[in-house]
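K.L.:
attaching a predicted model along with its sequence, questions to come.
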Amino acid sequence: MKIQEADAKRLLLAQGLPVPPWEVARSPAEARAAASRLLHDTGKVVIKAQVLVGGRGKAGGVKLAGSDDEAEHVADAILGMQIKGIPVRKVLVAAAADIVKEYYLAAVLDRGVRRILLMGSAEGGVEIETVAATNPDAIVRIHADPLIGLRDWQARELAFRLGLGKHLKATVGIARGLVATMLANDADLVEINPLAVVRGGGAPGSPGGEEQLVCLDAKITLDDSGLFRHPELESMRDPDEEDPADAEARRHDISFIHLDGTIGCMVNGAGLAMTTMDLVKRAGGEPANFLDIGGGAKADRVAAAMRLILDDPKVQAILVNIFGGITRGDEVAHGLIEARRQQRRDVPMVVRIVGTNAEEAARLLEEAHFATATSLDEAARKAVAAAGSHAP
Ligand code: GDP
Ligand code: MN
């Protein structure tokens, strides 16, 4: 789960990382009020679109303002924008920093070596993918042990290699803080871009004061599988930006991943769902989704799964493949019959149900005139053929 910058900054702050003060505003008037509280910090505020995509700056979603009037005006413009197709519904208003130099620093899960990887670069503000492509040697990589964490000497090495020796103590603290943020929240990415050396850094009336290192942007993704351990993080889910299909699937306990093909798949069990997708491909088709209705699915969950599949206008045929164990074939058949009654468009369906109560399922489906198959190969072939001949 991706979380918004403002929430990511809260998690950083909780681990003691330096983040300039901010507020979230949902209207130009709220932005104006926030600016009037934050302006005396550095004399300027930065107003930033809160959307879950990168490159907001380039898209015009990050702007400075020097007065509350200007803040209101800028917020109005940003709140009226769409960034990469996502409407901006809220902005972050923060005391703006006087930037000397921008760096990149992130902690990610390196699954290959089962360690936390710290990646840093002195080319901050630039997307790390771009640095990796144009100047790979500019990226510093350090692996931290998941149990011991980042050692002090490793953090110092990172600081020196980034050219942050002048800010050794701060860099060490921030690097360790990133790892701590990752572990405390079961995150798989904690990215600060830019991590910036700034002048002054807050004390009113002290321009040209000491340089400081601060986190100006924050991007965190949480491991969905670890979320059950952090009920407090659930409130950071942004319903404004979640795909409605994902929310619907979660509500019904269905594992659903949308893909690009035309054959909708409804299967019980993740392994069988993968196999089904392979066989669809072998039969010359492309799966429209991965969908696992889980064990013991009742008729209502089957009907919900069918709605999810049919909400994708690209779907031309549906393949239902159920291996009855805990899941009863007749329950699934009832669900399919009900789902077809509610169905808004007519899409051919091929059903294969084996295992528990398969005979009863076959009788029900036959009465309802469903196309059935006994082997998975046959089911996949029939579904692909039906999609080919089905005019949208
Ligand atoms: P992103 O484009 O979505 O990654 O948004 P960022 O928050 O990283 O902002 C983009 C750029 O805006 C940064 O790389 C900075 O150059 C600039 N920026 C962000 N915050 C401030 C700030 O407080 N002061 C100044 N002067 N520039 C900022
Ligand atoms: Mn950024």
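P.N.:
Perfect, I can see it now. Numbering: from 1, shown residues only. Ligands and ions are numbered 1, 2, ... in the order given.
K.L.:
now do the closest residue to ligand 2 within the stretch 151-300 of the chain against ligand 1, distance only.
P.N.:
Closest contact between the stretch 151-300 of the chain and ligand 2, by CB to the ion, is at residue 217 (3.6 Å). From N, CA and C alone the C-beta is placed, and that goes for glycine too. Note on residue 217: its distance to ligand 1, by CB to the nearest ligand atom, to the nearest Å, is 3 Å.
K.L.:
what residues does that residue make contact with?
P.N.:
5, 192-194 (CB atoms under 8 Å, 6 or more residues apart in numbering).
K.L.:
and residue 357, how many residues sit next to it?
P.N.:
When counting by other CB atoms under 10 Å, one arrives at 17 neighbours for residue 357.
K.L.:
does it touch residue 329 like I think?
P.N.:
Yes - with contacts counted by CB atoms under 8 Å, residue 357 reaches residue 329, the gap being 4.2 Å.
K.L.:
show me the beta-bridge partners of residue 323.
P.N.:
residue 354 (DSSP bridges).
K.L.:
that one: neighbour count?
P.N.:
18.
K.L.:
I'd say it and residue 272 touch.
P.N.:
Yes - using CB under 8 Å, residue 323 is in contact with residue 272, at 5.8 Å.
K.L.:
any idea which element residue 362 lies in?
P.N.:
In this assignment (DSSP states H and E), residue 362 forms part of helix 358-367.
K.L.:
hmm, who's touching that helix?
P.N.:
322, 324, 329-330, 332-334, 336-337, 351, 353, 372.
K.L.:
farthest pair within those residues?
P.N.:
324 and 337 (16.4 Å; CB to CB).
K.L.:
need the strands for the stretch 251-392 of the chain, in chain order.
P.N.:
For the stretch 251-392 of the chain, the strands defined by DSSP state E, counting those that start in this stretch occupy 255-258, 263-267, 289-292, 317-324, 349-355, 371-372.
K.L.:
winner for burial among those?
P.N.:
strand 263-267 (a mean of 28; mean count of other CB atoms under 10 Å).
K.L.:
what angle separates that strand from strand 317-324?
P.N.:
Using axes from the mean of the first three to the mean of the last three CA atoms, to 10 degrees, the inter-axis angle of strand 263-267 relative to strand 317-324 is 10 degrees.
K.L.:
give me the contacts around strand 263-267.
P.N.:
Taking CB under 8 Å, 6+ apart as the rule, strand 263-267 contacts 273, 276-277, 280, 285-293, 302, 305-306, 309-310, 312, 315-322, 347, 383-384, 387.
K.L.:
so residue 281 makes contact with residue 287?
P.N.:
Yes - at 7.2 Å, residue 281 counts as touching residue 287 under the criterion of CB under 8 Å.
K.L.:
neighbour-wise, which of those two wins?
P.N.:
residue 287 (25 against 15).
K.L.:
what sits closest to that one if chain neighbours are left out?
P.N.:
Counting by CB to CB, 6 or more residues apart in numbering, residue 287 lies nearest to residue 277, which is 4.4 Å off, once chain neighbours are set aside.
K.L.:
contacting residues around the one you found?
P.N.:
Neighbours of residue 277 in contact, by CB under 8 Å, 6+ apart: 265, 287, 290.
K.L.:
near ligand 1, which of these show up?
P.N.:
Filtering those for proximity to ligand 1 by CB under 6 Å from any ligand atom leaves nothing.
K.L.:
for these, give me a markdown table that also has pLDDT.
P.N.:
Converted to a markdown table, those look like this (pLDDT from 0 to 100):
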| residue | pLDDT |
| --- | --- |
| 265 | 97 |
| 287 | 98 |
| 290 | 97 |
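K.L.:
closest one to residue 181 out of those residues, please.
P.N.:
The nearest one, if we look at the contacts of residue 277 relative to residue 181 and count by CB to CB, is residue 290, at 30.7 Å.
K.L.:
distance of the closest residue in space to the closest one that isn't next to it in sequence relative to residue 273?
P.N.:
Of all residues not flanking residue 290 in the chain, residue 257 sits nearest, at 4.2 Å (CB to CB, 6+ apart). Distance of residue 257 to residue 273, computed by CB to CB, to the nearest Å: 9 Å.
K.L.:
got it, and residue 29?
P.N.:
49 Å.
K.L.:
that older thread, just the contacts of helix 358-367: which has the poorest pLDDT?
P.N.:
Lowest pLDDT of the contacts of helix 358-367: residue 324, 84.
K.L.:
might one say that that residue is in contact with residue 352?
P.N.:
No - counting by CB under 8 Å, residue 324 stays clear of residue 352, with 10.8 Å between them.
K.L.:
which other helices and strands contact the longest helix that the chain contains?
P.N.:
Longest helix of the chain, by residue count under DSSP state H: helix 168-185. Contact analysis of helix 168-185 by 3 or more CB pairs under 8 Å, 6 or more residues apart in numbering; DSSP states H and E lists helix 5-14, strand 98-110, strand 115-121, helix 152-161, strand 187-199, strand 211-215, strand 219-222 as its packing neighbours.
K.L.:
let me have the ones you listed in JSON lines, adding distance to residue 62, mean pLDDT and mean neighbour count as columns.
P.N.:
Listed next are the helices and strands packed on helix 168-185 as JSON lines, based on distance: least, CB to CB, whole Å; pLDDT from 0 to 100; neighbours: other CB atoms under 10 Å:
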{"stretch": "helix 5-14", "distance to residue 62": "10", "mean pLDDT": "98", "mean neighbour count": "20"}
{"stretch": "strand 98-110", "distance to residue 62": "12", "mean pLDDT": "97", "mean neighbour count": "19"}
{"stretch": "strand 115-121", "distance to residue 62": "20", "mean pLDDT": "97", "mean neighbour count": "21"}
{"stretch": "helix 152-161", "distance to residue 62": "27", "mean pLDDT": "97", "mean neighbour count": "17"}
{"stretch": "strand 187-199", "distance to residue 62": "11", "mean pLDDT": "97", "mean neighbour count": "23"}
{"stretch": "strand 211-215", "distance to residue 62": "15", "mean pLDDT": "97", "mean neighbour count": "21"}
{"stretch": "strand 219-222", "distance to residue 62": "14", "mean pLDDT": "97", "mean neighbour count": "22"}
